[in-house]
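In: Provided below are the primary sequence and the corresponding predicted coordinates.
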Amino acid sequence: MLGSWKRPVGYFSKQLDEVSKGWPACLRAVAAAVILIEEARKLTLGQPMTVFVPHAVISLLVNKGHHWISPSRLAKYQAVLLEQDDVTLSVSATLNPATLLPISEQDELQHDCLTTIKQVYSSRPDLQDTPLSDFDLELYTDGSSFMSGGKRCAGYAIVTRDHVLETESLPYNTSAQKAELTALSRALEISTGKKANIFTDTFSGWPEAFPCHTNKAREVIKVMLKEIIPRFGIPEGISSDNGPHSIAEVVQGVSKILRIKWDLHTTWRPQSSGKIEQVNRTLKRKISKLCQEADLKWVEALPLALLRVRVTRRIRER
């Protein structure tokens, strides 16, 4: 802004990183806004700034960002765009010259960020991540890779509940991930023209189901200790549709019963051990600032200070 008129007084030119370049246009605009805000802060020196954006930035970050953006990058974007006191987002009302092109009204398209992201994310409308109720075919796929005689052997299999449809070996040095993708691709080819449910293995290679009285973490811990761990060993990872809180409760319960020691940092490693002291110093500084600015007691300011610490961009160790 210059006076009462909106006119450019400076230009910033920055290249997006390789990851951001592969995103849809709406998310590229979000990444560009974050980069330019960081550059503009070198001139504003903490003074309030208003960012005019043509895209629904807040809705994109909250509703669709996790489909494309990693959790760490998403936390950074939310911290810069939504959690900073000196940044205000506003939808740009400036006339877009592209709207002056002679296009008939019936061909005019209204841009909607959420609809666009949904269409780009699901590039195949006939593919869904939820099972079909009226399916014609139900397939199970698996791919594996192992070492034998100094060579990496791989293969895949496609089966139904009662029959083996296809089993093939793959060329040497084929990874397990490629074998899984090959099996999935062949299953799609086999089910051409039909409605099919295709299940891929994520742990044991076969679906596992156990009767439980409730869906609480206690029931999951009991099943894991009695059925899963004795047969397959301790899993490398756990995912659940109940959220990260449920996963954390299960992991802590299993670790306690198996007497697995938890180290919140690597022993005898100063770089990780110092993080606790660093977080303590940052928390004290944030609490002190909030108490002075908002006239709060430290107990009331603690949740806000924790939020700011958690969304602050993590600086990589050099």
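Out: Right, received. Where do you want to start?

In: Tell me the strands beside whichever strand in the chain runs longest, with direction?
Out: Longest strand in the chain, counting residues (DSSP state E): strand 137-148. Using DSSP bridges, the strands paired with strand 137-148 are strand 151-159 (antiparallel), strand 196-200 (parallel).

In: deepest of those strands, which one?
Out: Sort the strands paired with strand 137-148 by mean neighbour count, taking mean count of other Cβ atoms under 10 Å, and strand 151-159 sits at the top with a mean of 18. Placement of C-beta: from N, CA and C, glycine included.

In: and the angle from the helix or strand just after that strand to strand 151-159?
Out: In the C-terminal direction, the helix or strand that comes right after strand 151-159 (DSSP states H and E) is strand 164-170. If you take axes from the mean of the first three to the mean of the last three Cα atoms, to 10 degrees, strand 164-170 sits at 160 degrees to strand 151-159.

In: before we move on, back to that, to the chain's geometric centre, what's the distance from the longest strand of the chain?
Out: Centroid separation for strand 137-148 versus its chain: 26 Å, with Cα atoms, centre = their mean, to the nearest Å.

In: got the buried residues for it?
Out: 139-145 (16 or more other Cβ atoms under 10 Å).

In: go on, stretch 248-261?
Out: For stretch 248-261, using 16+ other Cβ under 10 Å, the buried residues are 249-251, 253-254.

In: now stretch 70-80
Out: Of all the residues in stretch 70-80, those buried under the rule 16+ other Cβ under 10 Å are 73-80.

In: How is the nearest residue to K151 once chain neighbours are set aside assigned, secondary-structure-wise?
Out: Excluding the flanking residues, the one nearest K151 by Cβ to Cβ, 6 or more residues apart in numbering is Y172, at 5.3 Å. Following DSSP: H, G, I helix; E, B strand; the rest coil, we place Y172 in the coil state.

In: OK, contacts around Y172?
Out: Y172 is in contact with 151-154, counting by Cβ atoms under 8 Å, 6 or more residues apart in numbering.

In: from those, which is closest to I58?
Out: A154 (45.5 Å; Cβ to Cβ).

In: Which strand residues bridge the closest one?
Out: With DSSP bridges as the rule, A154 is bridged to S145, L170.

In: Cross-check the contact I'm expecting between F52 and S90.
Out: Yes - using Cβ atoms under 8 Å, F52 makes contact with S90 at a distance of 5.4 Å.

In: neighbour count winner among these two?
Out: Legend: neighbour count by other Cβ atoms under 10 Å for F52 and S90, higher for F52 (14 against 9).

In: Helix, strand, or coil at the more buried one?
Out: F52 - assigned by three-state DSSP - is strand.

In: Tell me the spacing between it and I35.
Out: According to Cβ to Cβ, to the nearest Å, F52 stands 16 Å off from I35.

In: go on, S246?
Out: In terms of Cβ to Cβ, S246 sits 36 Å off from I35.

In: Mind splitting the chain into its structural domains?
Out: Using automatic domain parsing, the domain parsing of the chain gives 18-94+109-121, 137-200, 217-258, 270-311.

In: Kindly reformat the ones you listed as CSV containing mean pLDDT and distance to F12.
Out: Output for the domains of the chain, formatted as CSV (pLDDT from 0 to 100; distance: least, Cβ to Cβ, whole Å):
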stretch, mean pLDDT, distance to F12
domain 18-94+109-121, 76, 5
domain 137-200, 87, 40
domain 217-258, 78, 37
domain 270-311, 77, 24
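
In: Output those as a markdown table; include the columns distance to P131.
Out: Output for those, formatted as a markdown table (distance: least, Cβ to Cβ, whole Å):
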| stretch | distance to P131 |
| --- | --- |
| domain 18-94+109-121 | 19 |
| domain 137-200 | 5 |
| domain 217-258 | 14 |
| domain 270-311 | 36 |
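
In: Now do the helices in the chain.
Out: For the chain, the helices defined by DSSP state H occupy 18-21, 25-44, 57-59, 65-68, 71-81, 113-121, 176-190, 217-223, 229-232, 244-258, 270-294, 298-311.

In: And those helices: which comes nearest G10?
Out: Between G10 and the helices of the chain, the shortest gap by Cβ to Cβ is with helix 25-44, which sits at 7.6 Å.

In: Show me what the closest one packs onto, helices and strands only.
Out: If contacts are counted by 3 or more Cβ pairs under 8 Å, 6 or more residues apart in numbering; DSSP states H and E, helix 25-44 sits against helix 18-21, strand 49-53, helix 57-59, helix 65-68, helix 71-81, helix 113-121.
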